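> Fold the following.
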Amino acid sequence: MLEKFFHLKERKTNIRTEVIAGITTFMTMAYILAVNPNILKDAGMDAGAVFTATAVGSAFATILMALMANYPFALAPGMGLNAYFAYTVVGQLGYSWQVALAAVFVEGIIFIILSLTNVREAIFNTIPINLKYAVSVGIGLFIAFIGLQGANIVIGNPNTKVALFSFKSSVANGSFNSVGIGVILTMIGVVLTAILLIKNVKGGVLFGILATWILGIICQKIGLYVPNPGLGMFSLIPSFSQFGSIPSIRPTLGALQFDGIASIEFVVVVFAFLFVDLFDTLGTLIGVASKADMLDENNKLPRIKGALLADAIGTSAGAILGTSTVTTYVESASGVSEGGRTGLTAFVTAILFLLSLFFAPIFLSVPAFATAPALIVVGFFMFTSIAKIDFKDYSETIPAYICIIAMPFAYSISEGIAFGIISYVLINVLTGKAKEKKISPLMYVLTIIFLIKYFILS
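Predicted structure coming up:
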């Protein structure tokens with residue numbers, strides 16, 4: 001039955017190889033089960049409900065990938081997009097998390113429509129390649145900055161706006177045994193995670209999180225770490241009284257609200273979700289597929305429509321369940337490297353996501369300082385796209401640079417995208433290179449919309 005459905009022999013693989021590949025993929029991306037609730041709870045969402053939505057949404061979308069495209073790609077709420085959801089859409093723009101979920105749902109619907117047509121290729125080709133790379137780099141810096149803040153390594157300062165954590169001050173104000181220890185453990189966690197990745201340990205990011213958390217538990221047991229709820233530092237020891245029970249999804253299930261969706265601001269939010277999701281998905285699909293020699297003679301991915309549809313449907317379904325944008329994970333490359341070539345790999349990963357529901361007390365007890373190393377290291381992976389940017393042409397690289405720095409400095413992914421597009425069009429028009437670059441009409445339209453937003457509506 002498995003052979004008939006997944007065509008294992010045709011892809012030169014077998015059940016054992018696919019199962020191992022599926023387990024490997026899950027291990028490399030299971031950190032999202034701890035990180036996503038930690039991020040979205042900052043938007044006011046129930047962490048337990050987000051955990052369940054993350055596990056179920058990831059499993060559902062990944063099963064769709066297996067059934068609709070027969071590819072070994074797994075999906076889960078995207079890093080960067082969850083941060084944009086919590087800290088920009090809710091924290092900065094002031095939307096409720098219910099409206100933010102509505103924006104994700106609408107983005108998913110648009111993505112479904114685009115996936116059924118050839119419009120997606122037109123949009124993908126509209127944005128200059130260097131800006132696409134810049135978006136990835138900027139998101140990497142953005143989520144790394146969030147990790148540094150979440151661990152209190154970088155803190156607010158009335159004079160310089162941001163500053164490094166002071167151990168001397170923490171001793172003086174009595175926060176060293178809570179916040180201070182957390183900072184130290186985060187630094188250790190980054191080093192441990194880096195070592196695991198350099199040693200090519202499968203699931204290095206996940207093991208880095210767990211190792212940091214275990215060190216924290218040891219510190220709490222010997223009295224070095226003292227929980228201080230007032231400072232956001234809670235007990236690190238999970239309660240197993242409800243072990244095996246699944247956290248209720250009711251607080252987030254179907255909680256979407258469509259208030260204020262007729263505004264330009266909401267349209268920009270939806271576009272930002274769509275922009276990042278579309279390019280991240282296409283880039284991941286093509287990048288991972290190329291490593292597995294899945295591209296055809298024209299360097300195109302067969303059955304890409306099914307893969308994109310799985311991603312798009314997963315996004316809207318995830319919003320209904322109560323999580324941010326579900327997207328295809330580049331960590332799928334780990335399973336591919338283990339020989340995964342069919343949807344059976346994805347199916348195994350999906351089953352493991354469902355089984356993880358019964359281990360909620362473990363994932364929900366992981367503190368922010370233990371997930372911070374994951375954010376910082378994943379930020380590094382996204383930052384590596386900077387090497388693909390062509391630095392010889394300043395009319396390309398200066399807009400890319402503006403896009404990159406705007407994301408962490410403006411604390412917003414969408415502002416970085418807007419700044420990048422505006423600067424690209426203006427610089428190339430004013431230097432007479434617009435015709436040479438063949439800037440598309442859509443780029444001009446987006447520039448006008450963004451300028452109206454900043455100078456008239458803001």
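
> Which helix or strand in the protein has the lowest average pLDDT?
One helix or strand of the chain scores below all others by mean pLDDT, DSSP states H and E: helix 119-126, with a mean of 65.

> Could you check how many residues crowd around Ser337?
Neighbouring residues of Ser337 were enumerated by other Cβ atoms under 10 Å; the total is 17. Every C-beta, even on glycine, is put in place using the N, C-alpha and C of the backbone.

> how close does it sit to Pro373?
Distance, Ser337 to Pro373, by Cβ to Cβ, to the nearest Å: 23 Å.

> same question, Ala151
Distance, Ala151 to Pro373, using Cβ to Cβ: 8 Å.

> Need the residues touching each of the two.
Common contacts of Ala151 and Pro373 (Cβ atoms under 8 Å, 6 or more residues apart in numbering): Thr186.

> Quick check: closest non-adjacent residue to Ala312.
Computed as Cβ to Cβ, 6 or more residues apart in numbering, the closest residue to Ala312 that is not its neighbour in sequence is Phe111, at 3.7 Å.

> so what pLDDT did the one you found get?
The model reports Phe111 with a pLDDT of 89.

> Kindly report the same for Lys202.
76.

> How is it classified with respect to secondary structure?
coil (DSSP: H, G, I helix; E, B strand; the rest coil).

> for the closest residue to it other than its chain neighbours, what are its contacts?
The shortest distance from Lys202 to any non-neighbouring residue, by Cβ to Cβ, 6+ apart, is to Thr24 (5.1 Å). Counting by Cβ under 8 Å, 6+ apart, Thr24 makes contact with Lys202, Gly203, Ser334, Gly335, Ser337, Glu338, Gly340.

> Same check on Leu321?
Per Cβ under 8 Å, 6+ apart, neighbours of Leu321: Thr52, Ala53, Val56, Gly57, Ile249, Thr252, Leu253.

> what about the first one, distance to Leu164?
What that stands for is Thr52. For Thr52, the distance to Leu164 (Cβ to Cβ) stands at 37 Å.

> Same drill for these two, tell me which one is more crowded.
Counted by other Cβ under 10 Å, Thr52 and Leu164 do not tie: Thr52 has more neighbours, with 25 against 12.

> Okay, now stretch 192-212: how far is its last residue from its first?
Using Cα to Cα, to the nearest Å, the end-to-end distance of stretch 192-212 comes out at 8 Å.

> Burial check on Gln92, number of neighbours?
Using other Cβ under 10 Å, Gln92 has 15 neighbouring residues.

> same thing with Thr397?
Applying other Cβ under 10 Å, we find 16 residues neighbouring Thr397.

> what's the burial count for the residue nearest to it when sequence neighbours are not counted?
Nearest residue to Thr397, sequence neighbours excluded (Cβ to Cβ, 6+ apart): Phe391, at 5.1 Å. For Phe391, the neighbour count with other Cβ under 10 Å is 12.

> I figured Phe391 hits Ile398, correct?
No: using Cβ atoms under 8 Å as the test, Phe391 is too far from Ile398 to be in contact (10.1 Å).

> ok, which stretches of the stretch 101-250 of the chain are helices?
Using DSSP state H, counting those that start in this stretch, the helices of the stretch 101-250 of the chain run over residues 119-126, 129-150, 167-173, 181-198, 204-221.

> least reliable of those helices going by mean pLDDT?
helix 119-126 (a mean of 65).

> May I have the residues that are in contact with Met233?
Neighbouring residues of Met233 by Cβ under 8 Å, 6+ apart: Ser178, Val179, Gly182, Tyr225, Pro227, Pro367.

> Can you tell me the SS state at the residue nearest to Lys202?
The three-state label given to Thr24 by three-state DSSP is helix.

> Next, find the distance separating it from Trp213.
Computed as Cβ to Cβ, the Thr24 to Trp213 distance reads 22 Å.

> Check the spacing between the residue nearest to Ala312 and Leu308 real quick.
Here Phe111 is placed at a distance of 7 Å from Leu308 (Cβ to Cβ).
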